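Participant: only geometry, no sequence info:
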């Protein structure tokens, strides 16, 4: 196992479905992130977990619910999504420390979500 | 409000020539800048970074230049190779933390 792995790679769901995206990192990092990449838009930071606590939530609608059960796993639970939520959802991890940060994130390959 | 801007979304360059990608930012608090590279169906991967205390950082064929007064940075790839064909993202952070603000990306196509 290497790096950051995301499952599923592709997901199609209806607006009334409940699904989850999963992310696992094998790098020993202590921080994990969800980013959203929509067409022709910058990557948008959604959630940050540091030491398993959510430290940032960038005004994301409540239909997206993150969960970080431990430092290696991160989930994004999806419920009653809208078609405009269709995007590539990228998970990333990094090593945060009081000594300083590198600003370097390690990304997974992404989960391509389509909401019908 | 977009804090990191990458215009000219696509660039085509002949193999062996120089590729120059530009990035502008609006937040004067940014002090750490990074470039990421992304191939189709893969996540972005870190390429090179620069701290605001420097104006140039070089790593092999890749050089990043920072002009703080203009709030502008650029990535130079020379010589360009076909394997450099990818989308390049500019990113910035405050205090070197890992909460990165990204640009939209530039598609680079290197023609053999």
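Facilitator: Yep, that arrived. Predicted model only: the values in this text are computed from it and were never measured. Numbering: from 1, shown residues only, chains lettered A, B, ... in the order given.
Participant: Run through the residues of chain A sitting next to chain B.
Facilitator: Neighbours of chain B within chain A, by C-beta under 8 Å from any C-beta of the partner chain: A:4, A:31, A:33, A:35, A:40-43, A:45, A:48, A:56, A:90, A:92, A:94, A:96, A:100-110. (C-beta placed from N, C-alpha, C; glycine too.)
Participant: what's the neighbour count on residue A:26?
Facilitator: 13 (other C-beta atoms under 10 Å in any protein chain shown).
Participant: Now it: phi and psi?
Facilitator: phi -110, psi 30 (degrees, to the nearest 10).
Participant: ok, it touching residue A:73?
Facilitator: No. Proximity of residue A:26 to residue A:73 does not meet the contact threshold set by C-beta atoms under 8 Å, at 10.8 Å.
Participant: Please enumerate residues in contact with stretch B:47-61?
Facilitator: Defining contact as C-beta atoms under 8 Å, 6 or more residues apart in numbering or on different chains, one finds that stretch B:47-61 is touched by A:102-104, B:30-37, B:62-68, B:73, B:75, B:77-79, B:81, B:88, B:96.
Participant: which among these end up buried?
Facilitator: Those of the contacts of stretch B:47-61 that meet the buried threshold are A:102-104, B:30-37, B:62-66, B:73, B:75, B:77, B:88, B:96, by 16 or more other C-beta atoms under 10 Å in any protein chain shown.
Participant: quick one: pLDDT of the closest residue to chain B within chain A?
Facilitator: Per C-beta to the nearest C-beta, residue A:107 is where chain A lies closest to chain B, at 3.2 Å. On the pLDDT scale, residue A:107 is placed at 95.
Participant: Skip ahead from the helix or strand of chain A with the lowest mean pLDDT and say which helix or strand is next.
Facilitator: Every helix and strand of chain A was ranked by mean pLDDT, DSSP states H and E. The lowest is strand A:53-57, at a mean of 73. Counting by DSSP states H and E, the element after strand A:53-57 in chain order, helix or strand, is strand A:64-70.
Participant: What lies in contact with the following helix or strand past that next one?
Facilitator: Using DSSP H and E, the helix or strand that follows strand A:64-70 towards the C-terminus is strand A:73-79. Contacts with strand A:73-79, where a contact means C-beta under 8 Å, 6+ apart, come from A:13, A:17-25, A:32, A:34, A:46-47, A:49, A:63-69, A:85, A:89, A:91, A:113.
Participant: Weed out the non-buried ones from the residues you listed.
Facilitator: Using 16+ other C-beta under 10 Å, the buried ones in those are A:13, A:19, A:21-25, A:32, A:34, A:46-47, A:49, A:64, A:66, A:68, A:85, A:89, A:91, A:113.
Participant: show me the contacts for the closest residue to chain A within chain B.
Facilitator: Per C-beta to the nearest C-beta, residue B:43 is where chain B lies closest to chain A, at 3.2 Å. The neighbours of residue B:43, taking C-beta under 8 Å, 6+ apart as the test, are A:4, A:90, A:92, A:107, A:108, A:109, A:110.
Participant: For chain B, list the residues in contact with chain A, please.
Facilitator: Near chain A, when you scan chain B using C-beta under 8 Å from any C-beta, you find B:2, B:4, B:32, B:34, B:36, B:41-46, B:49, B:89, B:91, B:93, B:95-105.
Participant: Alright, I will stop here.
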